[in-house]
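S.K.: what would the 3D arrangement of this be:
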Amino acid sequence: MKIPTYKIGATLFLTLCLLFSGFAQQTFVTNEVRQYMSKGEQNGIEIILNGSNIDAAKSGLKKLSKKYKAKMESSKKSPNVFIDNARIATASANTVDIYVTLVPVENGTKATFFTDLGGAFISSAAYGTQYTAMDAVVKEFAQNQALTAVGNQLNDEEKALKTMKKDLKNLQKSKTKNLKEIEEAQALILKLQQENIKNDADQAAKQQQITLQDQIIQTIKSKRSLLKN
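M.R.: Modelled structure (predicted):
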């Protein structure tokens with residue numbers, strides 16, 4: 001079924017609007033929260049990772065762990081991630097343990113970071129400098145996730161463009177083939193028309209021969225009748 005051109009245009013316009021609305025998010029906002037996690041009620045830093053699902057967030061946390069020379073522990077069945085002995089110099093002279101809770105939200109994932117300095121969790125009130133450092137780490141992580149999401153989206157759109165170009169090429173080939181077949185068909189029609197003209201002439205000549213032959217036969221029959229008398 002052929003899709004009307006105006007509907008295609010409207011769809012593309014809507015797609016562009018959605019893309020631009022996604023690109024508009026260039027700032028990453030964090031919130032300090034206090035909630036229960038595996039180590040009880042603690043303060044943490046919460047951020048929304050737009051366009052990133054839990055699997056993508058875990059993949060990003062694995063890179064984060066590697067960056068800070070830490071060991072990451074996670075399970076496919078659990079939304080919780082544990083980053084053991086991260087070396088974040090801006091936050092602490094010693095290693096820190098980071099507990100991350102991932103929760104799916106509309107169009108993304110909510111990540112909450114709880115940072116254990118070794119007996120005490122970071123909060124803005126008790127550990128202002130450390131909180132600021134971890135806030136920067138969380139925002140950088142969110143930025144990297146956004147870059148990854150946009151990169152994946154770019155790859156998808158480039159693949160879609162490649163498919164569209166391939167489809168266009170196939171359509172062009174199909175049209176070229178059809179035009180060739182039309183040209184061949186037109187040539188065949190012209191040939192058949194010319195053959196029919198000749199056929200009409202041949203039929204007319206043959207009809208004359210038949211009429212003449214009938215006359216010859218009738219003449220012979222008459223001659224035979226006269227001989228009988």
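
S.K.: just the helices in the protein please.
M.R.: Remark: helices assigned in the chain by DSSP state H are 5-23, 54-67, 128-228.

S.K.: check those helices for me and report the most buried one.
M.R.: Among those, helix 54-67 has the highest mean neighbour count (mean count of other C-beta atoms under 10 Å), at a mean of 18. For every residue, glycine as well, the C-beta is placed using N, CA and C.

S.K.: same for that one, what does it pack against?
M.R.: Packed against helix 54-67, as judged by 3 or more C-beta pairs under 8 Å, 6 or more residues apart in numbering; DSSP states H and E, are the following elements: strand 40-50, strand 71-74, strand 80-86, strand 96-105, strand 108-116, helix 128-228.

S.K.: okay, the ones you listed in CSV with distance to residue 62 and mean pLDDT next?
M.R.: Formatted as CSV, the helices and strands packed on helix 54-67 follow (distance: least, C-beta to C-beta, whole Å; pLDDT from 0 to 100):
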stretch, distance to residue 62, mean pLDDT
strand 40-50, 14, 96
strand 71-74, 5, 95
strand 80-86, 9, 97
strand 96-105, 11, 97
strand 108-116, 13, 97
helix 128-228, 11, 96
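
S.K.: need the helices of the chain in a markdown table with distance to residue 40, can you?
M.R.: Converted to a markdown table, those look like this (distance: least, C-beta to C-beta, whole Å):
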| stretch | distance to residue 40 |
| --- | --- |
| helix 5-23 | 37 |
| helix 54-67 | 22 |
| helix 128-228 | 19 |
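
S.K.: how about these, which one is nearest residue 110?
M.R.: Nearest to residue 110 among these is helix 54-67 (9.4 Å), distances taken as C-beta to C-beta.

S.K.: what's the closest of the helices of the chain to residue 31?
M.R.: helix 128-228 (10.1 Å).

S.K.: how distant is that closest one from the center of its chain?
M.R.: From the chain centre to the centre of helix 128-228 is a distance of 29 Å (C-alpha atoms, centre = their mean, to the nearest Å).

S.K.: show me what contacts the closest residue in space to residue 80 that isn't next to it in sequence?
M.R.: Spatial nearest neighbour of residue 80, chain neighbours left out: residue 101 (5.7 Å); criterion: C-beta to C-beta, 6 or more residues apart in numbering. By C-beta atoms under 8 Å, 6 or more residues apart in numbering, the residues touching residue 101 are 37, 44, 79, 80, 81, 111, 112, 114.

S.K.: and the residue nearest the centre of the chain, how close does it get to residue 92?
M.R.: Nearest to the mean C-alpha position of the chain, by C-alpha atoms, centre = their mean, lies residue 156 at 4.4 Å. Distance, residue 156 to residue 92, using C-beta to C-beta, to the nearest Å: 40 Å.

S.K.: residue 180 too?
M.R.: Distance from residue 180 to residue 92, by C-beta to C-beta: 75 Å.

S.K.: ok, now residue 151?
M.R.: With C-beta to C-beta as the criterion, residue 151 and residue 92 are 32 Å apart.

S.K.: could you do residue 187 as well?
M.R.: Residue 187 is 85 Å from residue 92, by C-beta to C-beta.
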